[in-house]
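Trainee: Curious how this folds, go ahead:
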Amino acid sequence: MGFSTLDYAVLAAYLIGITIFGARFRTHSRSTSDYFIGTRTTAWWVIGLSIVATETSTLTLIGVPAIAFATYARPEQGGNLTYLQVVLGYLVGRVIVAWLFIPAYFQGELLTAYELLHRRFGTLLPRNADQQEQAGEPVDPADARPGDLFCYGDHIAIYLGDNRIVHAAESHGKVVEEEQPAELSKRLRAVRRVFDGDD
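Mentor: Predicted coordinates:
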């Protein structure tokens, strides 16, 4: 069963409509601030609909009715309104987010959640191992303190003190806390202090 003429017509109408909408919207956004917060003039109900539309995927539209109406051997597998737990969680989550984070956005004139994290914790750490090796201040390995970065070329660890580190160990396939392995100690290229005690 393939696309019918009606399906193609709906798809074409959607693509044309979304292109026109985007072109019109672009003329109203003169800055990054306009793009993210719409000069703070957007009605609350429009913002609410936008959040719901963002959360609602095709999987939700197709999958939730299937879960609600299907019959399984055990009730917890579906065939009832168990999925409403997720909706209740959304409601609680929205109240918590509105109570904790929205005031911070308005007080700090923040545009994204990442700006809030940056202002809260104050330091940006590069994601690339090579860039992390250049971040912060160089430290003699003998003067390393807990929190310093141990740089092994393509691998980074956080020093915990007493020759112990925490890192994503390739041999374990997960993040581990352990005494610095001898093979890593031989590869140590630099120690960097990104987070100082006064930060």
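Trainee: Which residue ranges of this structure form strands?
Mentor: Applying DSSP state E to the chain gives strands spanning 137-138, 149-151, 156-161, 164-169, 174-179, 190-193.
Trainee: any chance of the ones you listed in JSON lines, plus mean neighbour count?
Mentor: Glycine gets a C-beta too; all of them are placed from N, C-alpha and C. What follows is the strands of the chain, written out as JSON lines (neighbours: other Cβ atoms under 10 Å):
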{"stretch": "strand 137-138", "mean neighbour count": "10"}
{"stretch": "strand 149-151", "mean neighbour count": "23"}
{"stretch": "strand 156-161", "mean neighbour count": "18"}
{"stretch": "strand 164-169", "mean neighbour count": "17"}
{"stretch": "strand 174-179", "mean neighbour count": "12"}
{"stretch": "strand 190-193", "mean neighbour count": "18"}
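Trainee: what does the average pLDDT come to for stretch 162-172?
Mentor: Per-residue pLDDT values over stretch 162-172 give a mean of 82.
Trainee: contacting residues around that stretch?
Mentor: Here stretch 162-172 makes contact (Cβ atoms under 8 Å, 6 or more residues apart in numbering) with 150, 155-160, 174-180, 184.
Trainee: one more time with 10 Å
Mentor: 144, 146, 148-150, 152, 155-160, 174-181, 183-185 (Cβ atoms under 10 Å, 6 or more residues apart in numbering).
Trainee: Convert the C-alpha atoms of it to PDB, please.
Mentor: This file holds the C-alpha atoms of stretch 162-172, laid out as PDB (Å, rounded to 0.1, in the frame of the first residue of the first chain):
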ATOM      1  CA  ASP A 162      46.100  10.100  46.400                       C
ATOM      2  CA  ASN A 163      46.900   9.100  42.800                       C
ATOM      3  CA  ARG A 164      43.300   8.200  42.200                       C
ATOM      4  CA  ILE A 165      41.300   9.300  39.100                       C
ATOM      5  CA  VAL A 166      37.800   9.100  37.700                       C
ATOM      6  CA  HIS A 167      37.600   8.500  33.900                       C
ATOM      7  CA  ALA A 168      35.800   6.600  31.100                       C
ATOM      8  CA  ALA A 169      38.000   3.500  31.200                       C
ATOM      9  CA  GLU A 170      38.200   1.800  27.800                       C
ATOM     10  CA  SER A 171      39.000  -1.500  29.500                       C
ATOM     11  CA  HIS A 172      35.900  -1.400  31.600                       C
END
